[in-house]
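Q: Dropping the sequence and predicted coords here.
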Amino acid sequence: MNRREYLYKWSALHGFEAGSEVAGIARGYLSLNYFLVKPFVLLRISPHVVTLLGPLSAASALYVESNALKALLILISLIVDGFDGAVAVILEKASAIGGVWDGIVDRVTELLWIGALYYAGISPALLLAIWVVVATQEYGRAKLNHLLGAKTGVLGVVTICERPVRGLLVAWGFLGQIFFAETLLWISIMWLAMQSVAIMQFILAAKKLLHQPQSHH
C-alpha cells in the first residue's frame, strides 16, 4: 500500500466523505507515521501491541528528572500514538475493537501528560479543568459518531486542539521550562484556552450534523 492509498483508506475509515481526504497538519502527521511504521509493518507486529508504546513512553516521563528528557518522552508518546492506526490500515487489520482499545489508551496517555504537569507543580484545579474539557470533547465525539454512524464525517471534524496539538503543547512546555521558569504554567493556560475553543468548534459541528436529515436505505 503506497502513501496515497494509505491516506485515502485512513480518511474513509475515519468518516471523511467520499472524494475528500484529511488535510493540513493532520495529513502531514499521518504521512510521517506512514514512513515511520515501516519496521512494524515488515515484522507484522499486531496494532494492539503497538498501541501500548504511547502510554509506556508517557509513563516514563513521570520518572525522569530532566525536563529535556520529559519533553522527548512525551514527544515520543505522541509520535507513536498514530503508529497503531497506521499499522492497522496498512496491514488491513483495522477493526471496531481496535478503535475502542485505541480510544481508551489515548485517554490514558493524555492523563499521563497531565500527571507530568502535576508533578511539575501545575495547579490541580487548572489541570482538572483541562481534563474535563478534553474528556468532554472526546466523549462527545464518540457519542455523536455512535448516534450518527461511521459514515457521517463526524471524525472528520478537526478542531484547533486535537491530540497532536495537545502533545506538542506539553512537550514544548517542558522544553521551554529549561529556559523560562513559568513556561509550563503559560502552556497549561494556553491548552485550556485552545481546548475551550476546540470544544465550541465541535459543538457547532455536532449541531449541524444532528440537524441534517438522515438518509434511509
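A: The structure has been received and is ready for your questions. Numbering: from 1, shown residues only.

Q: for this protein, which helix is longest?
A: helix 183-210 (DSSP state H).

Q: just how off-centre is that one within its chain?
A: Computed by C-alpha atoms, centre = their mean, to the nearest Å, the chain-centroid distance of helix 183-210 equals 14 Å.

Q: Which parts of this protein are helices?
A: So, for the chain - with DSSP H - the helices run 3-13, 24-36, 38-43, 47-51, 53-60, 67-81, 83-90, 96-119, 124-148, 163-177, 183-210.

Q: and Val157, which of these is closest to it?
A: Among these, the nearest to Val157 by C-beta to C-beta is helix 183-210 (4.4 Å). The C-beta positions use only the backbone N, C-alpha and C, and glycine is treated the same way.

Q: Please point out which parts of that closest one sit buried.
A: For helix 183-210, the neighbour count (16 or more other C-beta atoms under 10 Å) marks 183-185, 187-188, 191-192, 194-195, 198-199, 202, 205-206, 209 as buried.

Q: now stretch 85-97
A: Neighbour-count burial for stretch 85-97 [16+ other C-beta under 10 Å]: 85-91, 94.

Q: So which of those residues sits lowest on pLDDT?
A: Within the buried residues of stretch 85-97, Ala94 has the lowest pLDDT, namely 74.

Q: most packed of the helices of the chain?
A: helix 83-90 (a mean of 24; mean count of other C-beta atoms under 10 Å).

Q: Show me what that helix is packed up against.
A: When contacts are defined as 3 or more C-beta pairs under 8 Å, 6 or more residues apart in numbering; DSSP states H and E, helix 83-90 packs onto helix 3-13, helix 24-36, helix 38-43, helix 47-51, helix 96-119.

Q: Could you export those as CSV, including distance to Val170 and mean pLDDT?
A: Shown next, in CSV, are the helices and strands packed on helix 83-90 (distance: least, C-beta to C-beta, whole Å; pLDDT from 0 to 100):
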stretch, distance to Val170, mean pLDDT
helix 3-13, 25, 78
helix 24-36, 16, 80
helix 38-43, 25, 88
helix 47-51, 20, 86
helix 96-119, 5, 90
